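# Need a 3D model of the sequence below.
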Amino acid sequence: MPKVKGPHRTRTAQASDPHLISVSPAPGGWTVTADAVEVMVFSQGGQAERSARRLGAAMAKAGHPAEVRIHLKDGSLAGRHVCAASSGRP
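Numbers count the residues shown, from 1 in each chain. Sure, this is the predicted structure:
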């Protein structure tokens, strides 16, 4: 399992840990990165954020929790969106 680094310790990621999806500034645009997906590049931040949220929703629908982290142009965290895993029941 991959290691997860925190401010106080390093631990092994658990199956219940959310998949991290990150929207970050890049030269000439914005990137969306996630564990299981190749880096996606967008010319506008809004496009990148919508794509990241759709990816998080798709992961949650498939039963995998996800967390979308949105970063500002200076790299600071602007917000996050948590996608709870679907139980598969109505």
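
# which residues of the chain fall in helices?
45-61 (DSSP state H).

# For it, give me the ranges with low pLDDT.
For the chain, the stretches with pLDDT under 70 are 1-16, 88-90.

# can you tell me which residue is nearest the centre of it?
Compute the mean C-alpha point of the chain, and by Cα atoms, centre = their mean the closest residue is I21, 1.2 Å away.

# Touching, it and I70? I think so.
No - contact criterion Cβ atoms under 8 Å: I21 and I70 do not qualify, at 9.6 Å. Yep, even glycine has a C-beta here, placed from its N, CA and C like the rest.

# okay, and the common contacts of the two?
Shared contacts of I21 and I70, defined by Cβ atoms under 8 Å, 6 or more residues apart in numbering, comprise A52.

# so who does the residue nearest to the centre of the chain touch?
I21 neighbours (Cβ under 8 Å, 6+ apart): V32, T33, A34, A52, L55, G56, M59, A66, E67, V68, R69.

# Just the buried residues of stretch 23-34, please?
Going by neighbour count (16 or more other Cβ atoms under 10 Å), the buried part of stretch 23-34 is V23, S24, W30, T31, V32, T33, A34.

# what sits up against it?
Taking Cβ under 8 Å, 6+ apart as the rule, stretch 23-34 contacts 19-22, 39-45, 47-49, 51-52, 55, 66, 68-75.

# Kindly export it (C-alpha atoms) in CSV.
Only the C-alpha atoms of stretch 23-34 are listed here, as CSV (Å, rounded to 0.1, in the frame of the first residue of the first chain):
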residue,chain,number,x,y,z
VAL,A,23,-6.9,20.8,-9.1
SER,A,24,-3.7,22.9,-9.3
PRO,A,25,-2.3,25.8,-11.4
ALA,A,26,0.1,24.9,-14.1
PRO,A,27,2.0,27.0,-16.7
GLY,A,28,-0.7,28.2,-19.2
GLY,A,29,-3.6,26.5,-17.4
TRP,A,30,-4.7,24.1,-14.7
THR,A,31,-4.1,20.4,-14.0
VAL,A,32,-6.3,17.7,-12.5
THR,A,33,-4.3,14.8,-10.9
ALA,A,34,-5.6,11.6,-9.3
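
# Cheers, nothing more for now.
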